[in-house]
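Participant: kindly return the folded structure for what I paste below:
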Amino acid sequence: MTTKPDHSQYSFAAHGRPGVDDVPESKLGFLRAYEGLRGNTSVAVDDATLKQRVALTLELTYDELHVFKCIQSMMFLEPRITQHSAYPAILSGLRESSDASGRKPRLLDVGCCYGTDVRSFLLEGVSASQLTVTDLDPGYWRVGQKALFVDEQNVKDVATTWGDLSLGVESISAPPPEGLPSWKSSHKYVAASAVIHTLSKTQGTGLIRTVYDILETGGLFVGTTGASTQEGAWHNGGRWLHDEKSLAREFEAAGFKNIVLKQRERFGEDQPQTANAEEAAKPVDDRVRVFIEFSASK
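Facilitator: Residues are numbered from 1 along each chain as shown. This is a model prediction of the structure:
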């Protein structure tokens, strides 16, 4: 976080900075629940304090990092992974006892941002040592620790790696999580919530194939992504928006099986939108998009 971000590139920073008064109390439930895990039960933290932490999180982000739409609209206040239909099974799997080698199952959160999703697992009693986070820039994770959740001690055992996973598993410079010989076949679960639609077509293909390599045999890749009724470039060609068929092909080409794709409500919004014939004729940038929940196994 040493250089100012270029907010002219696909950034929602120009939409204005939300302030304390813009933070909805109805979305503070997860932060309230997480307070007990911080060990500060003797000190009551009211909603005004939580709102100030959210405002500080946004201030640091706007000054130092790229502002995605989900940040500008404060979707990070609630975990996304808990909305996935596979969440109960993943949570149960992470609670399993160690395997024959003494290793507990692990989950990797791709595009972790501030780390809301992994903290949902901590709140459910999953050990931090079973969790790994990654993002293009570590700045979001650090802001989450210092400003939003204020919990560096809670997440000190969460493994981290930063950079572009689409470049392949061999490109990961961080050592694998403690006790593991390699990043290959290292995690039982990988989650990527609202990530694939922020990537170019080449990056998306690379990410899916890297995830396949990171998963152990029988492992599960889950997530959500924005999509369209017809695949194509968007955001002035810098990103790729899949449709259901093209996304399924990417998973199949990487080697995944048991691929399940289904339209679902956009996180934090109303019903998914569908395109009629008139909409389908529009350029991809203007087309009404849908949201897809996916799961695929290795």
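Participant: and Lys257, how many neighbours?
Facilitator: Using other Cβ atoms under 10 Å, Lys257 is surrounded by 9 other residues. All C-beta spots, glycine's among them, are computed from the backbone N, C-alpha and C.
Participant: same thing with Pro175?
Facilitator: Neighbours of Pro175 using other Cβ under 10 Å come to 11.
Participant: let me know the secondary structure of it.
Facilitator: Assigned by DSSP: H, G, I helix; E, B strand; the rest coil, the conformation of Pro175 is coil.
Participant: can you check the one 10 residues further on too?
Facilitator: At Ser185 the chain is in coil, as set by three-state DSSP.
Participant: and the closest residue in space to Glu244 that isn't next to it in sequence, backbone torsions?
Facilitator: Distances taken as Cβ to Cβ, 6 or more residues apart in numbering put Leu261 closest to Glu244, at 5.1 Å, once the chain neighbours are dropped. Main-chain dihedrals, Leu261, degrees, to the nearest 10: phi -120, psi 130.
Participant: so Leu261 is in contact with Glu293, correct?
Facilitator: Yes. Taking Cβ atoms under 8 Å as the definition, Leu261 is a contact partner of Glu293 at 7.4 Å.
Participant: which intervals of the stretch 1-150 of the chain have sub-threshold pLDDT?
Facilitator: Where the stretch 1-150 of the chain drops to pLDDT under 70, the residues are 1-15, 38-44, 100.
Participant: distance of Ala233 relative to Val110?
Facilitator: 22 Å (Cβ to Cβ, to the nearest Å).
Participant: these two: who's more crowded?
Facilitator: Val110 (21 against 15).
Participant: these two touch, right, the more buried one and Val195?
Facilitator: Yes. With contact defined as Cβ under 8 Å, Val110 counts as touching Val195 (5.8 Å).
Participant: mutual contacts of the two, please.
Facilitator: The overlap between the contact sets of Val110 and Val195 (Cβ atoms under 8 Å, 6 or more residues apart in numbering) consists of Leu207, Gly223.
Participant: what segments of the stretch 101-250 of the chain are helices?
Facilitator: Secondary structure of the stretch 101-250 of the chain by DSSP state H, counting those that start in this stretch: the helices cover 116-123, 139-143, 201-214, 244-254.
Participant: among these, which is nearest Ile90?
Facilitator: Among the helices of the stretch 101-250 of the chain, helix 116-123 comes nearest to Ile90, with 8.5 Å by Cβ to Cβ.
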